[in-house]
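>>> structure for this input, please:
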Amino acid sequence: MEIRDVKPALALALLAGLAGCAPGQPFRTATGFTAHVLCSETFVTGQDPDRSFAEYVAPSIGRVAALATRYRVDRDGQAVEARFAGLFPARAVNRAGRGCTLVQGGQMPAPL
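Next comes the predicted model:
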């Protein structure tokens, strides 16, 4: 059986276990990176999020992770949410004049 035959989440779980990472950390990193980059690319620089994902995010997080990563762009709320295989949600929100911020635990950080 080849690695491409294994479900993406299982393959990354195996790789993370072999690398000695904390459980879920590679997935949280991938979704946080995806949400933050797509938020910045979409709302700060005006780029197309699908193109940004394909050309920048997917190569950065790796092919297997990209296959299992889904994102949703909320244009009204100026936010991006990403999930890996339906898990490990991350959300980034554009803060007017300050760029995008990765939201942890559902709470925005205090203004500077």
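>>> does residue 95 touch residue 101 like I think?
Yes - at 5.5 Å, residue 95 counts as touching residue 101 under the criterion of C-beta atoms under 8 Å. Where you see a C-beta, it was placed from the backbone N, CA and C, and this is true even at glycine.
>>> now the closest residue to residue 79 other than its chain neighbours: which helix or strand?
Closest residue in space to residue 79, ignoring its immediate chain neighbours: residue 93 at 4.5 Å, by C-beta to C-beta, 6 or more residues apart in numbering. When elements are assigned from DSSP states H and E, residue 93 belongs to strand 87-95.
>>> show me how far that strand is from its chain's centre.
Counting by C-alpha atoms, centre = their mean, to the nearest Å, strand 87-95 is centred 8 Å from the centre of its parent chain.
>>> and stretch 85-92, by the same measure?
7 Å.
>>> report the rounded mean pLDDT for the longest helix along the chain.
Looking only at the chain and at elements set by DSSP state H, the helix with the highest residue count is helix 25-39. Mean pLDDT, helix 25-39: 93.
>>> partner residues bridging residue 94?
residue 100 (DSSP bridges).
>>> distance of the closest residue to residue 40 other than its chain neighbours relative to residue 93?
The shortest distance from residue 40 to any non-neighbouring residue, by C-beta to C-beta, 6+ apart, is to residue 100 (4.7 Å). With distances taken as C-beta to C-beta, to the nearest Å, residue 100 is found 7 Å from residue 93.
>>> joint contacts of these two?
residue 39 (C-beta atoms under 8 Å, 6 or more residues apart in numbering).
>>> and the next element down the chain from the longest helix of the chain?
Counting by DSSP H and E, the element after helix 25-39 in chain order, helix or strand, is helix 49-52.
>>> buried residues of that next one, list them for me.
Neighbour-count burial for helix 49-52 flags 49, 52 (criterion: 16 or more other C-beta atoms under 10 Å).
>>> tell me who's in contact with the residue nearest to residue 79.
Contacts of residue 93 (C-beta under 8 Å, 6+ apart): 39, 77-79, 100-101, 103, 108.
>>> just those residues: which has the poorest pLDDT?
residue 108 (58).
>>> give me the neighbour count for residue 59.
11 (other C-beta atoms under 10 Å).
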